[in-house]
Structure formats: C-alpha cells, structure tokens
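Enquirer: Sharing a model prediction with you, sequence too.
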Amino acid sequence: MSVALLWVVSPNLQLSNCFGFVDSVRDGNRLIYSSRLVCRDRSSMFNCRPKKGRKQKWNARSIKVPGISSMVASTVDELAAVSSEEKVYNVVLKQAALVKEQLMSSPDLDVNPDIVLPGSLGLLNEAYDRCGEVCAEYAKTFYLGTLLMTPERRRAIWAIYVWCRRTDELVDGPNASHITPTALDRWESRLEDLFRGRPFDMLDAALSDTVAKYRVDIQPFRDMIEGMRMDLRKSRYKNFDELYLYCYNVAGTVGLMSVPVMGIAPESEASPVSVFDAALALGIANQLTNILRDVGEEMSCARRGRVYLPQDELAQAGLSDDDIFAGKVTDKWRRFMKSQIKRARMFFDKAEKGVTELNAASRWPVYASLLLYRQILDEIEANDYNNFTKRAYVNKVKKMAALPTAYARSLIRPSKIPPLTKV
Ligand SMILES: CC(C)=CCC/C(C)=C/CC/C(C)=C/CC/C(C)=C/[C@@H]1[C@@H](COP(=O)(O)OP(=O)(O)O)[C@]1(C)CC/C=C(\C)CC/C=C(\C)CCC=C(C)C
Ligand SMILES: [Mn+2]
C-alpha cells in the first residue's frame, strides 16, 4: 500500500481532474486501486468516486495542482493526513444520522416533548425573550426573518444565535485581549454542563432547553470553541485545507446546529446528509465572504495582524503578506480576489440547493441571509477589489430588494426528484 497524490485521468469520473489522498495498490508507476478520492473542485469531492467494481487506470503525475483549490501536499506525511473536508464530513454524517434516527423512530415528532420543572416556565420564557432581544440588537434582518418561523423554532434559533454570538465575542469582543485558552476551556465545560441540563446562567438555560427538545448534538458547539482556539494560536493559513477547517469551526458549525431546529420539510426527498451538507456549505460561504470583506480590517486594526487567506495561493498569485500590508490594489491582487470570490460563490451555490429542503417556515430567513451575504461579493467586485480601504457594504435599498426575492424562493416546495445526492 502506498500513498500518492495523483492527477487522475479517468473516463469513469464525473470530473476528470481529481487528485487524491489515495490508499493505493500500485503496479510500478500505475495505480490499480484507490479507496478515496479528492476532487479539485473541493465541493464535489465526495461525489467523485469511480463506479463500483471497475478498476481504475491512473496516471501518477506531478504534485503541483493548479486551480481554485490548492490543497497541495508535498510530503508523504502530509498526504497520509486526513483532509479537513473529510474530517468535517464525518461530523455531517453523524448529525444527519441523529436526525434520521429520530425521523424513523417518531416520524411525526421532530421535537421532544417539554419537560418543565414546576415554577421554571416563567423563567424559561424570560430567558428566551432575552435571547430574542439580543438577536434583534445584533442581527435585525435575521431577527425579522425568524419571526416567520413557528414560535418554538424561532426561540430555539435565538438561543443558538446567542450562544454563538457570545462565543464569538470571547475572541472578537472588547475583552478579547484577556481571553486565554483556559478561559475557552471553562466556556467549554459550561457548554458540557448545559447539555447535561445544568445551565450556568439564564441565556445558557434557554440553550439547555433547546438542546433537550431538538436533536442538536454537542459536537458542532465544541468545534466552534475549537475555532476560537485557532484564532488565539494561529494567524496564518498554509493552504485552503487549513482555512476550510477554520471556516467550518467558526461558521459551518452554525449550519449544523441550526438544521435540527429549522427542520427538514416532511415532503422533502433529499437525504438528511445532503441537507446538512448544504447547511455546512452556507456557513463556509458566509465565512469566506466575511474574510474577503474584512481583509483590510483583520490586518490593520491589529485584529492582531491576521491573514485568513491561503498562503500557498497568495504565493502562486505572486503575492505575499507584504503586499497585503501595503494594501495596494494591483492586477495580481484582482486576479487573486477573483479566484477567491469564485470559490465562495461555489459554496453559496451548493447551499442554495439545500434551502428548499428545509421546513417551509424556515426557508425565508435562510434565503434572506444567503442572498444578503452573497451580495457582499458583488460589492467587492463593484469596489474594484479594494477590500483594503473600502468595506464592501450592501446598502439598505439592495437589502430590502432581496427580501421579496427570498420570500418568493422560500415558497418553492422541495422537488419530487431530489436535487441533491441521495446517501
Ligand atoms: C437563518 C439563519 C441565518 C440562522 C443562523 C442563526 C445563527 C445561529 C447564527 C449564529 C451566527 C453567529 C453569531 C456565529 C458566530 C461566529 C460568527 C460571527 C460567524 C460569522 C457570521 C457573520 O456574522 P457577522 O457578519 O456579524 O461577523 P462578524 O462577527 O462581524 O465578523 C458568520 C460569517 C457565519 C454565520 C453562519 C451562518 C449564518 C450559517 C447559516 C447556515 C444555516 C442557518 C443553515 C441553513 C440550511 C441550509 C440547508 C442551507
Ligand atoms: Mn466576529
């Protein structure tokens, strides 16, 4: 068995330009069996397997793979590592399995019945109301969108929102400079406690109630805290694989936390895995967009000199950190930005296909957030890629114009023929 990075030339694959971490059986230079593939178009990497029972012919080629994705590994050790996308996909599989299990055991019940201790109902309602207020304060449009959801789901989403916001504030808020890994460990043990039904404060109590009612797993929450740890220890990302993991941790996790609450439409024929995968894609797309919008801020306001761009892709474009610090929009920069924007749009496209599969009442806020966030990419283009000194900003008129579009799209029912791969 050996491990190699390949340029695969194969008529049996949908995408001919795949490369892979391959547990392989080799015949001289020719590979005759591979167990796992990775596509250059990373969003499709799990769809690109050879047809069963057929032996593949592989042409092993150079390690350098040009293109949007540049998960270029240079040593056998790196190749042997599991890619971030694969690690994350395992979390997706687990989340989807939980939802599936519930649908099979009690198809009409996607929410566990209330367990309310005497005298606690008033306090709980108050806790949820407070979550709603925080949400309205930080994310007005999103808050308005949640008003279309059923009251139960709406307040559960508020509780998740507030926990995410508080977690993000630890490393991004006014006290960020005092936050240590130990503080994050403490935050994590609070999380474990609230999942065990022992909340620390009233906002935690709302989430504690939510996770008892819906099949929300703790793993994405833990992973978000891990993303905050990454923020403390890391200011550069070697390649897209590293950046992907960061984006999953801080934003893809939000998608995974939200789907069990938003619910999959009963009439949907898509597999839960594909819906979670789309939700993950929306988080990744949002975070990539956030990164592209904030390039100037991240490194200047010494949000501690962070550069959330794949270093290898910068180098391939003939750019370095110094170019970013200089903040000059050159043709090289424009070309580089175009490829980054293209990748973010790919993730949005993937996410869009999943929204229809959500419960009808949950679709609108998701579409609205997708359309509004995606427009930021258009604004970066409209600013001629100057994200050093100009903040890409979607004005109120454009925002308002997106809302009816989001509403109209949210009326589309899940298609009879599943638009996404069945797993
Ligand atoms: C309807 C909807 C959008 C629901 C999600 C509600 C929710 C729980 C949001 C939490 C967001 C949050 C506070 C995350 C903490 C980390 C963070 C701040 C991430 C960045 C968000 C943008 O925030 P902002 O512009 O304020 O960034 P700054 O702090 O100023 O830097 C992120 C970029 C990511 C947020 C990720 C999402 C909203 C993912 C949403 C995905 C879904 C709801 C899944 C939808 C399902 C399908 C099938 C597509
Ligand atoms: Mn933030």
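Expert: Received, thanks. Ligands and ions are numbered 1, 2, ... in the order given.

Enquirer: Give me the distance between the single nearest residue of the stretch 1-150 of the chain relative to ligand 2 and Glu169.
Expert: Of all residues in the stretch 1-150 of the chain, Tyr138 sits closest to ligand 2, at 10.3 Å by Cβ to the ion. In this view, the C-beta of every residue, glycine as well, is placed from N, C-alpha and C. Per Cβ to Cβ, to the nearest Å, Tyr138 is found 10 Å from Glu169.

Enquirer: Which phi and psi values does Tyr237 adopt?
Expert: phi -120, psi 120 (degrees, to the nearest 10).

Enquirer: wait, doesn't it sit right on Leu309?
Expert: Yes - under the criterion of Cβ atoms under 8 Å, Tyr237 makes contact with Leu309 at 7.0 Å.

Enquirer: Kindly state the pLDDT recorded for the residue in the chain that ligand 2 sits nearest to?
Expert: The chain approaches ligand 2 most closely through Asp172 (3.9 Å), counting by Cβ to the ion. According to the prediction, Asp172 has pLDDT 90.

Enquirer: Name the helix or strand for Arg215, please.
Expert: Counting by DSSP states H and E, no helix or strand carries Arg215.

Enquirer: For the stretch 101-250 of the chain, what lies in contact range of ligand 1?
Expert: Phe142, Ile157, Ile160, Tyr161, Cys164, Arg165, Asp168, Asp172, Val250 (Cβ under 6 Å from any ligand atom).

Enquirer: Can you report phi and psi for the residue nearest to Arg413 when sequence neighbours are not counted?
Expert: Setting aside the residues directly before and after it, Arg413 is nearest to Glu267 in space (Cβ to Cβ, 6 or more residues apart in numbering), at 6.5 Å. Dihedral pair for Glu267: phi -90, psi 0, per degrees, to the nearest 10.

Enquirer: mind listing what the closest residue to Ile179 other than its chain neighbours touches?
Expert: Spatially, and ignoring its direct neighbours in sequence, Ile179 is nearest to Leu170 (5.1 Å; Cβ to Cβ, 6+ apart). With contact taken as Cβ atoms under 8 Å, 6 or more residues apart in numbering, Leu170 is in contact with Ala176, Ile179, Ala183, Leu184, Trp187, Met228.

Enquirer: just Asp223 next, same as before
Expert: Taking Cβ under 8 Å, 6+ apart, one finds Val91, Tyr248, Asn249, Thr253 in contact with Asp223.

Enquirer: got a list of what the first one touches?
Expert: With contact set as Cβ under 8 Å, 6+ apart, Val91 has these partners: Gln219, Pro220, Asp223, Leu256.

Enquirer: State the distance from the residue lying closest to the last one once chain neighbours are set aside to Thr167.
Expert: Meaning Leu256. Closest residue to Leu256 apart from its sequence neighbours, by Cβ to Cβ, 6+ apart: Pro220 at 4.2 Å. Separation of Pro220 from Thr167 (Cβ to Cβ) stands at 11 Å.

Enquirer: which one of these two has more residues nearby?
Expert: Pro220 (27 against 21; other Cβ atoms under 10 Å).

Enquirer: touching ligand 2 at all, the helix or strand the more buried one falls within?
Expert: Element membership for Pro220 (DSSP H and E) is helix 219-233. No - applying Cβ under 5 Å from the ion, one finds helix 219-233 separated from ligand 2 by no less than 9.3 Å.

Enquirer: Might you calculate how far that helix sits from the centre of the chain?
Expert: Distance of helix 219-233 from the chain centroid (Cα atoms, centre = their mean, to the nearest Å) equals 13 Å.

Enquirer: okay, which residue is most central for the chain?
Expert: Gly252 (2.2 Å; Cα atoms, centre = their mean).

Enquirer: who's in contact with Cys164?
Expert: Met224, Val254, Met257 are the contacts of Cys164 under Cβ under 8 Å, 6+ apart.

Enquirer: now the host helix or strand of the last one against helix 219-233, angle please.
Expert: Met257 belongs to helix 253-262 when elements are defined using DSSP H and E. Relative orientation of helix 253-262 and helix 219-233, computed by axes from the mean of the first three to the mean of the last three Cα atoms, to 10 degrees: 160 degrees.

Enquirer: got a list of contacts for helix 253-262?
Expert: 91-92, 95, 98-99, 110, 149, 153, 156-157, 160, 164, 210, 214-217, 219-221, 223-224, 227, 275-276, 278-283, 351, 358-359, 362, 366.

Enquirer: Look at Tyr308 and give its secondary structure.
Expert: Following DSSP: H, G, I helix; E, B strand; the rest coil, Tyr308 is assigned to strand.

Enquirer: give me every residue that touches it.
Expert: Counting by Cβ under 8 Å, 6+ apart, Tyr308 has contacts Tyr237, Leu243, Tyr246, Ile291, Glu298.

Enquirer: same thing with Phe347?
Expert: Ser43, Ala281, Leu282, Ile284, Ala285, Leu288.

Enquirer: The fourth one contacts Ala251, correct?
Expert: What it means is Ile284. Yes - under the criterion of Cβ under 8 Å, Ile284 makes contact with Ala251 at 6.6 Å.

Enquirer: Which residue is the nearest non-sequential neighbour of Ser320?
Expert: Nearest one to Ser320, counting by Cβ to Cβ, 6+ apart, is Leu314 at 6.5 Å.

Enquirer: Just name whatever secondary elements the helix or strand that neighbour falls within is in contact with.
Expert: Per DSSP H and E, Leu314 falls inside helix 311-316. Contact here means 3 or more Cβ pairs under 8 Å, 6 or more residues apart in numbering; DSSP states H and E; on that basis helix 311-316 packs against helix 321-326, helix 331-355.
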